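Participant: I need the structure of the sequence given here:
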Amino acid sequence: WECGLPALQCLAHLFAAQALDAAGTPGAAVHLIQASELAEQMDSAILRFTARLIEAHVALGRGDEGGAMRALAEALPIGRGHRYLNTWMWRPRTMAELAARALDAELEVEYVRRLVSERRLEPGEPPVHLEAWPWPVKVFTLGRFEVLTAERPVRFPGKAQKKPLALLQVLVALGGRNVREDEIAEVLWPDSEGDAAHQALAVTLHRLRRLLGHGGAVLRSDGRISLAPSHCWVDVWAVDRTLALAEAAIARSPVRDHEWAASIRWTDRAVALYRGEFLGGDQTMPWAAGVSGRLKEHLLRQLRKIGGVWEAIGDWEAAAECYERAVEINDRAEEYYRRLMLAYKRLGRRGDAVLVYERCRKMLAALGVTPAPETEALMKTI
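Facilitator: Residues are numbered from 1 along each chain as shown. Predicted coordinates for the structure are as follows:
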């Protein structure tokens with residue numbers, strides 16, 4: 001300050017804020033305020049940008065999600081406007097974490113994606129729940145099968161590509177991580193001897209890597225094959241991860257607080273990600289049948305949990321919306337028709353309740369069965 005260099009004093013305050021935060025010592029907020037005031041006095045965009053990013057990081061470390069989002073919402077338009085791809089005190093891991101939070105909140109999405117791509121940012125844990133992250137490879141298997149590399153659909157001309165694609169599909173169906181080679185070979189080459197099957201697998205794996213165009217996307221080690229979570233986004237993984245986040249939030253949250261709201265948001269995102277049966281429910285792939293069933297059960301369990309809480313607090317409109325989604329996911333689950341009928345009854349919407357009953361009855365008739373006694377008893381009260 002005595003040398004007449006307020007920019008360096010601003011940076012010193014930012015360094016101090018980071019040091020105090022890392023040490024768990026109070027005082028970071030005071031230094032952030034002073035740094036921000038200096039940045040404003042100097043009318044320095046780069047210092048404002050840096051200060052807001054550090055403020056967001058400090059807020060996240062202290063569990064202040066709202067403060068972090070406000071700081072990011074102020075920082076990112078500055079970065080976009082000036083096309084910043086760097087700051088003072090650049091810390092790649094920190095920036096990766098902030099980028100993931102920004103994409104999750106849909107803040108300046110295109111700018112953040114560019115920042116991630118050009119600076120090759122990687123957070124500590126791959127954000128498998130974020131479809132918006134600029135993944136080198138994306139694999140869609142729910143409702144359709146499609147592969148994107150660098151956000152462009154991969155075209156697979158000719159029959160020669162069938163086995164590499166089948167390998168990718170089997171790999172996803174079996175979990176995608178540390179899948180035993182002999183398990184894959186048994187599915188793809190059931191009639192081949194061990195050595196021949198493993199040789200065919202090696203050739204097919206090489207062709208798959210070449211198709212994807214990213215050598216690090218598929219890993220092979222100690223007789224096991226994995227899709228690299230740092231390179232690949234898979235919709236099945238995203239559904240699993242968002243549901244895990246939803247369950248974790250609701251487990252530690254009283255109704256109506258911010259964690260409860262987060263659980264609902266994660267559940268909504270998981271429902272949106274589930275776009276249909278795994279690989280379109282292709283009956284020629286018996287090894288794929290269990291994936292859809294597991295995902296449906298997981299989704300329905302979470303929707304039932306949230307719907308039950310809405311019922312308990314008397315928000316029957318929200319409960320009805322919840323059960324409508326459940327019926328869309330599994331139109332053979334009679335319990336959810338019944339819960340939906342009850343919700344409409346409590347809302348005084350008798351006509352809608354009757355229509356739900358008719359949908360349920362027709363669905364069961366197609367299966368050769370009739371509604372359960374509980375469903376019939378409920379219908380008589382409507």
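Participant: so what touches stretch 218-229?
Facilitator: 126, 128, 139, 171-172, 176-182, 184, 205, 208-209, 212, 216-217, 234, 237 (Cβ atoms under 8 Å, 6 or more residues apart in numbering). Bear in mind the C-beta positions are built from the backbone N, C-alpha and C, glycine included.
Participant: next one: stretch 269-289
Facilitator: For stretch 269-289, contacts defined as Cβ under 8 Å, 6+ apart pick out 129, 131, 140-145, 169-170, 173-174, 187, 235-236, 238-239, 242-243, 246, 291-292, 295-296, 299, 302-303, 325, 329.
Participant: tell me the buried residues in it?
Facilitator: Using 16 or more other Cβ atoms under 10 Å as the test for burial, stretch 269-289 gives Arg269, Ala270, Val271, Leu273, Tyr274, Glu277, Phe278, Leu279, Met285, Ala288, Ala289.
Participant: run the chain-centre distance for the helix or strand containing Ala100.
Facilitator: If you go by DSSP states H and E, Ala100 is part of helix 92-104. Distance of helix 92-104 from the chain centroid (Cα atoms, centre = their mean, to the nearest Å) equals 14 Å.
Participant: what residues of that helix count as buried?
Facilitator: So for helix 92-104, counting by 16+ other Cβ under 10 Å, buried means Thr94, Met95, Ala96, Glu97, Leu98, Ala99, Ala100, Arg101, Ala102, Leu103, Asp104.
Participant: residue contacts, the spatially most central residue of the chain?
Facilitator: Note on the chain: the residue nearest the mean C-alpha position is His129, at 1.8 Å, using Cα atoms, centre = their mean. Listed by Cβ under 8 Å, 6+ apart, the contact set of His129 reads Asp104, Ala238, Arg241, Thr242, Leu245, Arg269.
Participant: just say helix, strand or coil for Val139.
Facilitator: strand (DSSP: H, G, I helix; E, B strand; the rest coil).
Participant: so what's it up against?
Facilitator: Glu146, Val147, Leu168, Val172, Leu227, Cys232, Trp233, Val234, Asp235.
Participant: just the closest of those residues to Ala45, please.
Facilitator: Trp233 (33.0 Å; Cβ to Cβ).
Participant: hang on, the earlier thing: show only the entries of the contacts of stretch 269-289 found in helices.
Facilitator: Counting by DSSP state H, the part of these found in helices is 169-170, 173, 187, 235-236, 238-239, 242-243, 246, 291-292, 295-296, 299, 302-303, 325, 329.
Participant: hmm, back to that, Trp260 versus the residue nearest to the residue nearest to the centre of the chain when sequence neighbours are not counted, what's the distance?
Facilitator: Nearest non-adjacent residue to His129, counting by Cβ to Cβ, 6 or more residues apart in numbering: Arg241, 4.2 Å away. In this view, Arg241 and Trp260 are 19 Å apart by Cβ to Cβ, to the nearest Å.
Participant: let me see the contact set for the nearest residue to Gly215 once chain neighbours are set aside.
Facilitator: Excluding the flanking residues, the one nearest Gly215 by Cβ to Cβ, 6+ apart is Arg209, at 5.6 Å. Residues near Arg209 by Cβ under 8 Å, 6+ apart: Gly215, Ala217, Val218.
Participant: let's see it at 10 Å
Facilitator: Counting by Cβ atoms under 10 Å, 6 or more residues apart in numbering, Arg209 touches Pro164, Gly215, Gly216, Ala217, Val218, Leu219, Arg220.
Participant: again, but for Ala22
Facilitator: By Cβ under 10 Å, 6+ apart, the residues touching Ala22 are Ala28, Val58, Gly61.
Participant: I'd assumed it was in a strand, is it?
Facilitator: No: Ala22: not assigned to a strand; according to three-state DSSP it is helix.
Participant: from Ala272, how far off is the residue lying closest to Leu148 once chain neighbours are set aside?
Facilitator: Of all residues not flanking Leu148 in the chain, Lys138 sits nearest, at 4.2 Å (Cβ to Cβ, 6+ apart). The gap separating Lys138 from Ala272 is 16 Å, by Cβ to Cβ.
Participant: equivalent analysis for Ala16, please.
Facilitator: Applying Cβ to Cβ, the value for Ala16 to Ala272 is 43 Å.
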